[in-house]
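In: got a predicted model here, sequence first, then my questions.
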Amino acid sequence: MTTPACRFCGAPLTHTFLDLGRQPVANAYLTREQLDAGTEQAWPLHARVCGRCFLVQVDDAVPPEAIFDADYAYFSSFSASWVAHAKRYAEAMTERFGLGPESLVVEVASNDGYLLQHFVAMDIPVLGVEPTANTAEAARQKGVRSEVTFFNAETAPQLAARYGRADLMAANNVLAHVPRIGDFVAGFGRMLKDEGVLTFEFPHLLNLIEQVQFDTIYHEHYSYLSLVTVEQVLAANGLRPFDVELLPTHGGSLRLFVCHVGSGHDETDALRALRAREAAAGLDRIETYGGFTPRVEAVRDSFQAFLRQAKAEGKRIAAYGAAAKGNTFLNYCGATADDIVAAFDANPAKQNRYLPGSHVPIHGPEAVREVRPDYVVILPWNLKDEIMGQLDYVREWGGRFVTASPETRILP
């Protein structure tokens, strides 16, 4: 078997970060017909780390069309906290960079317009670039001008020729989703004005390691990112970071402010502090990435013990949030519909389907009262407080909430 090569620098990938076995695509929710047909596919989910640039990445096991199809089921607007986060961003960027009616704000992977709608409300021209047709159509219904295409070094100049170059570009939780990360980043340099600003938001690899957030690893997330690696990708494409904010979203993310290498934006103390923190954690040393597997196995063992104990006591276990991260978690733990009677999710595109791999049926949130579970496992743990607030009535029948990362806890 040939050794795979790093998707950024091309070095041979000889170091395993975590091998999660064979898993279905995390967002491939099944219809009843698909479930009955028994044709569900699974692919290796093997994360490796590059010994040269330290990019953590999963193998290219799945064809992209199997991940990002025309009926992609993730709509950003179903999380109220995420929409509020986007509104705060729009207001802060408008004030900091003096955006107005003559500006252009471009978001790459603009989804259903959850972010750009806030710039539209301030009369700032926008363009959303989104590869999935159904989410882009939802954005247009909000008045968000949208192009359905993949963004890269080839399409960016075409978009710039049609709409102009951007004062602000945003790319939230997409840098990890592109198989050709260098080609993707090159596009921003070709569409950003000389003194324009680009912001990337992405989950921070350091949190994944320190908090054992292994469930954020799935085929759709090709890369797991640190500043030490992203700086190298940016530099190779004539870009540099100049500021950073630490965000609580997605279990701890970075918002990296980026500009052209020759632009006048001064580097901040916050960026220098993050560099120092990553160096202290050893993210620039290959030995740091060893030893992650036993910590992940301990999380799995803790959850499996909870399932055995709850079932032995005759308790009914359900899950809330049909999130991709939850699917990685359940499948790695070997959980099935025999263990978890139902999953609940507010997204109609997921309801009346089945979780990939585990085949747990998905219902709308209103079904919680019908099922009356004794335990509700919150799969998108980053939204724990929001979900517990929405489902507080579960306590009426003695129901309890459970989180499973970084260990299984029955919450008070």
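Out: Great, that's in hand. Everything quoted here is computed from the prediction, not taken from an experiment.
In: can you map out the strands along the stretch 251-400 of the chain?
Out: For the stretch 251-400 of the chain, applying DSSP state E, counting those that start in this stretch gives strands covering 253-260, 317-320, 342-344, 362-363, 375-378, 400-403.
In: compare these and report which one is nearest to residue 172.
Out: Nearest to residue 172, of all the strands of the stretch 251-400 of the chain, is strand 253-260, at 8.6 Å by CB to CB. C-beta coordinates here come from the backbone N, C-alpha and C atoms, glycine included.
In: show me what the closest one is packed up against.
Out: strand 192-203, helix 227-235, strand 239-247 (3 or more CB pairs under 8 Å, 6 or more residues apart in numbering; DSSP states H and E).
In: now those in a markdown table, with distance to residue 185?
Out: Output for the helices and strands packed on strand 253-260, formatted as a markdown table (distance: least, CB to CB, whole Å):
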| stretch | distance to residue 185 |
| --- | --- |
| strand 192-203 | 9 |
| helix 227-235 | 5 |
| strand 239-247 | 7 |
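In: wait, which of those is closest to residue 181?
Out: Closest among the helices and strands packed on strand 253-260, using CB to CB: helix 227-235, at 5.9 Å.
In: that closest one: which residues count as buried?
Out: By 16 or more other CB atoms under 10 Å, the buried positions in helix 227-235 come out as 227-234.
In: same question, stretch 37-55
Out: Applying 16+ other CB under 10 Å to stretch 37-55 flags 42-43, 45-51, 53-55 as buried.
In: stretch 179-187 now?
Out: 181-187.
In: just the residues you listed: which are in helices?
Out: 181-187 (DSSP state H).
In: mind putting those residues in TSV, pLDDT and distance to residue 34 included?
Out: As requested, these are exported to TSV (pLDDT from 0 to 100; distance: CB to CB, whole Å):
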residue	pLDDT	distance to residue 34
181	96	31
182	97	35
183	97	33
184	97	31
185	98	36
186	98	37
187	98	35
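In: any idea how far residue 40 is from residue 220?
Out: 16 Å (CB to CB, to the nearest Å).
In: ok, residue 340 next?
Out: 17 Å.
In: and residue 83, by the same measure?
Out: 32 Å.
In: ok, now which ones touch residue 196?
Out: Residues near residue 196 by CB atoms under 8 Å, 6 or more residues apart in numbering: 165-169, 259-260, 263.
In: swap the cut-off to 6 Å and go again
Out: Counting by CB atoms under 6 Å, 6 or more residues apart in numbering, residue 196 touches 166-167.
In: kindly report the same for residue 127.
Out: Counted by CB under 6 Å, 6+ apart, residue 127 has contacts 106, 145, 163.
In: for the nearest residue to the second one once chain neighbours are set aside, which three-state class applies?
Out: The shortest distance from residue 145 to any residue that is not its chain neighbour, by CB to CB, 6 or more residues apart in numbering, is 5.5 Å, and that residue is residue 127. Counting by DSSP: H, G, I helix; E, B strand; the rest coil, the backbone at residue 127 sits in strand.
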